[in-house]
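**Student:** please work out how this folds:
(chains A and B)
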There are 2 protein chains.
Amino acid sequence: MTVAKIRLCVDQALGARQSVTLTEAQAHYLFGVMREGAGARILAFNGRDGEWLCEVTEAGRRKGSLACREHVRVQDAPSDLWLLFAPVKKARTDFIVEKAVEMGVARILPVMTDFTNAERFRRDKALAHVREAAEQCGRLTIPEVTEPAPLARVLAGWSPGRRILWADEERAGEGSARDVLAGAAPGPWAILIGPEGGFSAAERDCLRAAPFVTPVALGPRILRAETAAVALLALWQAHLGDWAAA
Amino acid sequence: MTVAKIRLCVDQALGARQSVTLTEAQAHYLFGVMREGAGARILAFNGRDGEWLCEVTEAGRRKGSLACREHVRVQDAPSDLWLLFAPVKKARTDFIVEKAVEMGVARILPVMTDFTNAERFRRDKALAHVREAAEQCGRLTIPEVTEPAPLARVLAGWSPGRRILWADEERAGEGSARDVLAGAAPGPWAILIGPEGGFSAAERDCLRAAPFVTPVALGPRILRAETAAVALLALWQAHLGDWAAA
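**Tutor:** Numbers count the residues shown, from 1 in each chain, chains lettered A, B, ... in the order given. Model prediction:
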């Protein structure tokens, strides 16, 4: 379709005859790190206007601009899939956020649980990771990231039309994720991954009582949070999401 | 079953009335880092004798020993699943090795490809990661790690009774991994994950010509190597492996 390899996530509008002003960080990346210059072809997306092949029209040390040349992909919508997860140690939290983007999640919801590591979740950093991962994995949408909120409050305000698939580590030997997903209806879903150390007894009671929560087992081994997240997102996408389409 | 939380992967035999001499690193971990002492209960496994509840009988700064007290789990065998992957940057390679262990792979085979980052794969470091991940995820088996070998040589010497499921990034829109796995027979399998940048044209021809290789698509987005590995291992385990058993 095009030889442009670099993709940029921008905030500005994209369209015929539109120009885009680069941020300082984008100019540094494009012209300092990647050694591109005026005339280079770049792909740009903003989550609303599809993907545009752009040409670099100005290349400075700390600034630059693009001109939209060709509309190469029409805007799409992500799978209606959210990820709820309890932030773990920093590197693994970053990893979960990156993987959620690659796996096509529409909204990322950090939840605080009784056993969540108190380390603060930095939403600004997560948003930067989200944009970078979206550029890298080729998606046209930019997942939302909510402010961290206690699990109990999230569940209390939950809209029951969206089902939650809960990776329940105490459920080994009961319903396998594949069996549950094979019988599941399409529609709005969320995936819930617990903290290292699992959920507290009170949280488990709360989850088991919620009519919109379905616990599933992910095999006989203990999975780290980021492994469970990728695995369950893959099974969901394969059965109900955009991996199912042949 | 037991309140022992710490699991140690040991080399020595385990059995009734057996004692185990700890390595210096294990003694440091148990007594220095985890603050355990004589009388503490530890789980030990060696990949052959199942899992044993042991008691610390000697706790020194750089040495220690355990006595086997109770045979708590019978030795099992891993799923007959291998992972072939092209080493990528160090942190992500470590990650792939860790995830292969959690996902129940029996053998990890690093392969060198035309576009593999030349960075050296350190088998000794990988083996240490494997043991640590096996301790953490509760498995009783210790995956093998082979020396890195060129993909072409690995394919030339391949035993055709073991099928290879190839995460083919150019196959988006063709056969989905779920459809292929739903129709696949159990038996020996391997999963092949390519390097960042994909396989060369010559490698692709070679893979497409091999009768034991089945290419599959993993959705519309570009996945990093470690994401593709976890996702395809999850789909395999869910359909043909030890996640399928309800």
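**Student:** where along chain A do the helices fall?
**Tutor:** Remark: helices assigned in chain A by DSSP state H are A:24-27, A:90-102, A:123-137, A:151-156, A:177-182, A:201-209, A:225-240.
**Student:** which of those helices sits most buried?
**Tutor:** helix A:225-240 (a mean of 26; mean count of other CB atoms under 10 Å in any protein chain shown). To be clear about C-beta, it is placed using only N, CA and C from the backbone, and glycine gets the same treatment.
**Student:** touching chain B at all, that helix?
**Tutor:** Yes - Helix A:225-240 lies within reach of chain B by CB under 8 Å from any CB of the partner chain, at A:227, A:230-235, A:237-239.
**Student:** nearest to B:Ser176 among the residues you listed?
**Tutor:** The shortest distance between B:Ser176 and any of those, using CB to CB, involves A:Ala238 and amounts to 6.8 Å.
**Student:** residues contacting the closest residue to the closest one other than its chain neighbours?
**Tutor:** The spatial neighbour of A:Ala238 that comes closest, neighbours along the chain excluded (CB to CB, 6 or more residues apart in numbering or on different chains), is B:Arg178 at 4.0 Å. B:Arg178 is in contact with A:238-239, A:243-244, B:235, B:239, counting by CB atoms under 8 Å, 6 or more residues apart in numbering or on different chains.
**Student:** mind doing that once more with 10 Å?
**Tutor:** The contact partners of B:Arg178, by CB atoms under 10 Å, 6 or more residues apart in numbering or on different chains, come to A:178, A:181-182, A:234-235, A:237-239, A:243-244, A:246, B:216-218, B:235, B:238-239.
**Student:** hang on, the earlier thing: tell me the one of the residues of helix A:225-240 next to chain B nearest A:Leu165?
**Tutor:** The shortest separation between A:Leu165 and any of those is 6.5 Å, and it belongs to A:Leu232 (by CB to CB).
**Student:** in chain A, which residue is most central in space?
**Tutor:** In chain A, the centroid-proximal residue (CA atoms, centre = their mean) is A:Val101; its distance is 2.9 Å.
**Student:** number of nearby residues for the residue nearest to A:Ser200 when sequence neighbours are not counted?
**Tutor:** If you skip the residues right next to it in sequence, A:Ser200 has A:Asp114 as its closest partner in space, 3.7 Å away by CB to CB, 6+ apart. Neighbours of A:Asp114 under the rule other CB atoms under 10 Å in any protein chain shown: 16.
**Student:** coming back round to it: compare the mean pLDDT across the helices of chain A and name the weakest.
**Tutor:** Within those, the least confident segment by mean pLDDT turns out to be helix A:177-182, at a mean of 89.
**Student:** next one: that one to chain centre, how far?
**Tutor:** Per CA atoms, centre = their mean, to the nearest Å, the displacement of helix A:177-182 from the mean C-alpha position of its chain is 22 Å.
**Student:** can you show me the CA trace of it as PDB?
**Tutor:** Output of helix A:177-182 as PDB, limited to C-alpha atoms (Å, rounded to 0.1, in the frame of the first residue of the first chain):
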ATOM      1  CA  ALA A 177     -11.900 -20.300  29.500                       C
ATOM      2  CA  ARG A 178     -12.400 -21.900  26.100                       C
ATOM      3  CA  ASP A 179     -15.600 -23.600  27.000                       C
ATOM      4  CA  VAL A 180     -17.000 -20.500  28.600                       C
ATOM      5  CA  LEU A 181     -16.100 -18.400  25.500                       C
ATOM      6  CA  ALA A 182     -17.400 -21.000  23.100                       C
END
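**Student:** what about A:Glu55, how many residues nearby?
**Tutor:** Here the number of neighbours of A:Glu55 (other CB under 10 Å) works out to 17.
**Student:** how near is it to chain B?
**Tutor:** Summarising the geometry, the distance separating A:Glu55 from chain B, computed by CB to the nearest CB, to the nearest Å, is 23 Å.
**Student:** that residue against A:Gly37, yeah?
**Tutor:** No - using CB atoms under 10 Å, A:Glu55 and A:Gly37 do not qualify as a contacting pair, with a distance of 11.1 Å.
**Student:** mind checking how far A:Gly104 is from B:Leu223?
**Tutor:** As for A:Gly104, its distance to B:Leu223 is 10 Å (criterion: CB to CB, to the nearest Å).
**Student:** which residues do those two both contact?
**Tutor:** A:Cys137.
**Student:** show me where pLDDT drops low in chain A?
**Tutor:** Counting by pLDDT under 70, chain A shows low-confidence ranges at A:1-4, A:117-119, A:172-174, A:245-246.
**Student:** 80 instead?
**Tutor:** Along chain A, the parts satisfying pLDDT under 80 run over A:1-4, A:117-120, A:171-175, A:245-246.
**Student:** contact partners for A:Phe212?
**Tutor:** Under the criterion of CB under 10 Å, 6+ apart, the contact list for A:Phe212 reads A:155, A:158-164, A:189-190.
**Student:** can you tell me, leaving aside adjacent residues, what's nearest to A:Ser79?
**Tutor:** Spatial nearest neighbour of A:Ser79, excluding adjacent residues (CB to CB, 6+ apart): A:Gly241 at 4.1 Å.
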